[in-house]
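Undergrad: let me see the structure of the following:
(chains A and B)
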Number of protein chains: 2
Amino acid sequence: MIAYIEDIATHAGQAVTLRGWLHNRRSSGKIHFLTLRDGTGFIQCVMTTQAVGEEMFKGADHLGQESALIVEGTARADARAPGGYEIDVTGFEVVAESQNYPITPKEHGVDYLMDRRHLWIRSPRQQAVLRVRHEVINAVRDFFNGRGFILADTPIFTPAACEGTTTLFPVQYFDDTTAYLTQSGQLYNEANAMALGRVYSFGPTFRAEKSKTRRHLTEFWMVEPEMAYATLDDVMELAEALVVYVVGRALDRRKQELKTLERDTSKLEQVQAPFPRISYDDAAGILKTKGLPFEWGGDFGAPDETALSEDFDRPMCVHRFPSAIKAFYMKPDPARAELALGVDVLAPEGYGEIIGGGERLADLDLLLQRIKEHNLPQEAFEWYLDLRRYGSVPHAGFGMGIERVVAWICGLEHLREAIPYPRMLYRMYP
Amino acid sequence: MIAYIEDIATHAGQAVTLRGWLHNRRSSGKIHFLTLRDGTGFIQCVMTTQAVGEEMFKGADHLGQESALIVEGTARADARAPGGYEIDVTGFEVVAESQNYPITPKEHGVDYLMDRRHLWIRSPRQQAVLRVRHEVINAVRDFFNGRGFILADTPIFTPAACEGTTTLFPVQYFDDTTAYLTQSGQLYNEANAMALGRVYSFGPTFRAEKSKTRRHLTEFWMVEPEMAYATLDDVMELAEALVVYVVGRALDRRKQELKTLERDTSKLEQVQAPFPRISYDDAAGILKTKGLPFEWGGDFGAPDETALSEDFDRPMCVHRFPSAIKAFYMKPDPARAELALGVDVLAPEGYGEIIGGGERLADLDLLLQRIKEHNLPQEAFEWYLDLRRYGSVPHAGFGMGIERVVAWICGLEHLREAIPYPRMLYRMYP
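TA: Numbers count the residues shown, from 1 in each chain, chains lettered A, B, ... in the order given. Modelled structure (predicted):
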């Protein structure tokens, strides 16, 4: 019976056929220990001359790493085995040999591995990251679907900038029209929320970031919920509930992967509501106290984010930033007009901003003024202004960067491992 | 208590607060009938002078379509109401007035509506389509997640063409590098399947189609599963199971929406396994019999697809196409080398191709030859060739276009209504 390694416990004592690749091989006299991987897991297959005969035994002598193999054998419980089972081999077939596989168990440099990303993802560590990513994305979707949000995809080709014009990727559309790759689904989400109440978009977004940091990709995935009849407080509550749920799902369903990654899960178990909430004013004060060269009015840099979050064992919310450093569509605080009703959620352990959002400007006249102040072309935003002309309501939402959340949960140094094929300043291959 | 219209049955007899927009208003003497929408549904609110007093009653006299309203009242069961309930209004608040809303219940032209897509999506019909789309996407994901597939996102920025070079969108990346927007995640899915066994990608794809047909968008969403150790037959089975599941979910969970769309659901109920499977050879014969000007060796046009599918009450599979009209990575039929082990799934009722896929070429030498024959730059495909160098195994997969499936299930004439913000030859706004 064809079986997958992840289901092997359900085949205890049975004859099974496993189809996969040779991950590792060592021999000890009359026994080969073949570690097979099939994409769902890794398992040790024990082959003896006694069980398979001299000829077949010799056929496994020279097999290189990543040779494609179909193995037949019996699943035997073994408490010492990492997955609790081993295979006693009764036969095998070589589907395709592999010689000189370029990624060996020895250490390789990052550029070398990135050039071979299509092969690197076969390694236990990278597989574990990609499975956690899968879990994070599905947890996010289940969270919103379970709360009555409707998925409404926002366009990739957009006629105008949303998050500033310096980091846009232009595309030649037809007839000399220029399209810009979306930086955020935000503006369209607002239109969708006025139609469907509670919505989310979930897709790739693009920033032509010329900076080469461990926290930036030119192409990254973002989930962006938006709610009609909602305020800044609703956003903070929703963001908190989402992060607690996603981390809980990873802890619950990806134990094995987090173990492979040697992640200290006790740190993730601290991620419980409520998250501390501090104002930007207070955050600026804390940074000053800690001796950082931060001035009120500036945006947080990575060292500032790290300094702010180091006092807490869970994510924190920083709210009410100066309007001047936030997007044009942010609603000003009625109590202090120079502040925007925005919030950033910072992950603990120095992982920085994972969520940014807030309440949107619902007033037509003020929005028109902002568009002028930001030198944005009003014509391109006429449709967006319509949302304030026809039944404008308080509304709010946020964006959460998937790779940043995956990097944090997995404990990765750099975002490049949190996505199958990272795109960066000098990286577009494979 | 704040309530949503979709949950109103759980609040029968209770005082509720609904937050939404005025969809329609008619008055009869001392009664206003206000149809409120809140994104989750539509409900009639009955307001009498007796219940709210003369002054408040007068305040609802002049309200325009899409005015934002918060309504308080009691949920009362009424068998004649479309949703089974009405609201007896006890009070209301105007959040924002709306005057001269541009989309009235009268007929508008398509261009007029497309220019106002951000408002058009508020209409009952467009809301219903978007909710079916949401259901289709979630059904697809649940299907694959439930079968052990891992979601692995493929890149949008790619260094080379996958589905031919004539319909590419180039983007200027950094330092004069040109990136191309992905046409399919196919090639990367193959690498991912060699790492993770069974995978799927689900994201936007791009084709610079200069044709202006009802079946084409320049930006559309596609799900693409890929399986290691799989063949053409596995693909046909998986595709069949997926389509049956997705249609079943829509029928099960989106009854109300399909009713709004006046969809003949008896046709969708016929979508059961097994789907008829015919060879390209036989299909060519059928077209000849039907008097169509089709020659063996050509690809099916829309009229051909319609003619083929009209004999069946469910989707059909056409397999083993001439290699010459299929992509370079298709495996040739061992029995007849001029045929490719590919399959198209055609929806019934003239909706055409919804799925295309097949078995991939696993042999290195043959693949090298194909890349040369297709004049593709071998250097850009070196990573893809590695998959044949290191443990090549039989593998297969397919792509399913989401908008085509949504259009079919909803019974839409044109793909443009199957996505929130369609992008076409002359359409990139809003």
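
Undergrad: how does chain A divide into domains?
TA: By the assignment in automatic domain parsing, chain A contains the domains A:5-96, A:117-418.

Undergrad: give the contact list for residue A:174.
TA: B:208, B:210, B:425, B:426 (C-beta atoms under 8 Å, 6 or more residues apart in numbering or on different chains). For every residue, glycine as well, the C-beta is placed using N, CA and C.

Undergrad: mind redoing it with 10 Å?
TA: By C-beta atoms under 10 Å, 6 or more residues apart in numbering or on different chains, residue A:174 lies in contact with B:169, B:208, B:209, B:210, B:218, B:424, B:425, B:426, B:427, B:428.

Undergrad: out of those residues, which comes closest to residue B:40?
TA: residue B:427 (29.1 Å; C-beta to C-beta).

Undergrad: how far away is the residue nearest to that closest one when sequence neighbours are not counted from chain A?
TA: Excluding its sequence neighbours, the residue lying closest to residue B:427 (C-beta to C-beta, 6 or more residues apart in numbering or on different chains) is residue B:114, at 6.3 Å. Separation of residue B:114 from chain A (C-beta to the nearest C-beta, to the nearest Å): 11 Å.

Undergrad: confidence score at residue B:114?
TA: With respect to pLDDT, residue B:114 scores 97.

Undergrad: three-state assignment of it?
TA: Following DSSP: H, G, I helix; E, B strand; the rest coil, we place residue B:114 in the helix state.

Undergrad: so it makes contact with residue B:419?
TA: No: counting by C-beta atoms under 10 Å, residue B:114 sits too far from residue B:419 to count as a contact (11.9 Å).

Undergrad: which one's more surrounded, these two?
TA: Taking neighbours as other C-beta atoms under 10 Å in any protein chain shown, residue B:114 and residue B:419 compare with residue B:419 leading, 24 against 19.

Undergrad: remind me which helix or strand the closest residue to the more buried one other than its chain neighbours belongs to.
TA: Closest residue to residue B:419 apart from its sequence neighbours, by C-beta to C-beta, 6+ apart: residue B:403 at 5.3 Å. Element membership for residue B:403, per DSSP states H and E: helix B:402-410.

Undergrad: which helices and strands does that helix pack with?
TA: For helix B:402-410, the packing partners by 3 or more C-beta pairs under 10 Å, 6 or more residues apart in numbering or on different chains; DSSP states H and E come out as helix B:124-146, strand B:219-228, helix B:232-253, helix B:255-260, helix B:265-269, strand B:336-347, strand B:352-359.

Undergrad: contacting residues around the worst-scoring helix or strand of chain A on mean pLDDT?
TA: The weakest-scoring helix or strand in chain A, judged by mean pLDDT, DSSP states H and E, is strand A:170-172 (a mean of 90). By C-beta under 10 Å, 6+ apart, the residues outside strand A:170-172 that reach it are A:156-158, A:177-181, A:206, A:208, B:169-172, B:179, B:181, B:206, B:208.

Undergrad: kindly recompute the last result at 6 Å.
TA: A:178, A:179, A:180, B:169, B:171 (C-beta atoms under 6 Å, 6 or more residues apart in numbering or on different chains).

Undergrad: all helices for chain A, in order.
TA: A:49-59, A:110-115, A:117-120, A:124-146, A:186-196, A:232-253, A:255-260, A:265-269, A:280-289, A:302-309, A:364-373, A:382-389, A:402-410 (DSSP state H).

Undergrad: who does residue A:180 form a beta bridge with?
TA: residue A:158, residue A:170 (DSSP bridges).

Undergrad: residue of the stretch 201-350 of chain A nearest chain B, please.
TA: Nearest residue of the stretch 201-350 of chain A to chain B, counting by C-beta to the nearest C-beta: residue A:229, 4.4 Å away.

Undergrad: now swap in the stretch 1-150 of chain A and tell me
TA: Closest contact between the stretch 1-150 of chain A and chain B, by C-beta to the nearest C-beta, is at residue A:39 (2.3 Å).

Undergrad: what about that residue, distance to residue A:270?
TA: 33 Å (C-beta to C-beta, to the nearest Å).

Undergrad: neighbour count for the two, which is higher?
TA: Between residue A:39 and residue A:270, counted using other C-beta under 10 Å, the more crowded position is residue A:39 (25 against 12).

Undergrad: if I look at the more buried one, how far off is residue A:127?
TA: In terms of C-beta to C-beta, residue A:39 sits 8 Å off from residue A:127.

Undergrad: ok, residue A:50 next?
TA: In this structure, residue A:50 and residue A:127 are 33 Å apart, going by C-beta to C-beta.

Undergrad: one more: residue A:77?
TA: 24 Å.

Undergrad: and for residue A:343?
TA: 35 Å.

Undergrad: go on, residue A:197?
TA: Taking C-beta to C-beta, one finds residue A:197 at 39 Å from residue A:127.

Undergrad: compare these two (neighbour count), which wins?
TA: Higher neighbour count among residue A:197 and residue A:127: residue A:197, with 28 against 22, using other C-beta under 10 Å.

Undergrad: how close does the closest residue to the more buried one other than its chain neighbours sit to residue A:172?
TA: Distances taken as C-beta to C-beta, 6+ apart place residue B:39 nearest to residue A:197, at 2.3 Å, with adjacent residues excluded. Shown here: residue B:39 relative to residue A:172, a distance of 37 Å by C-beta to C-beta.
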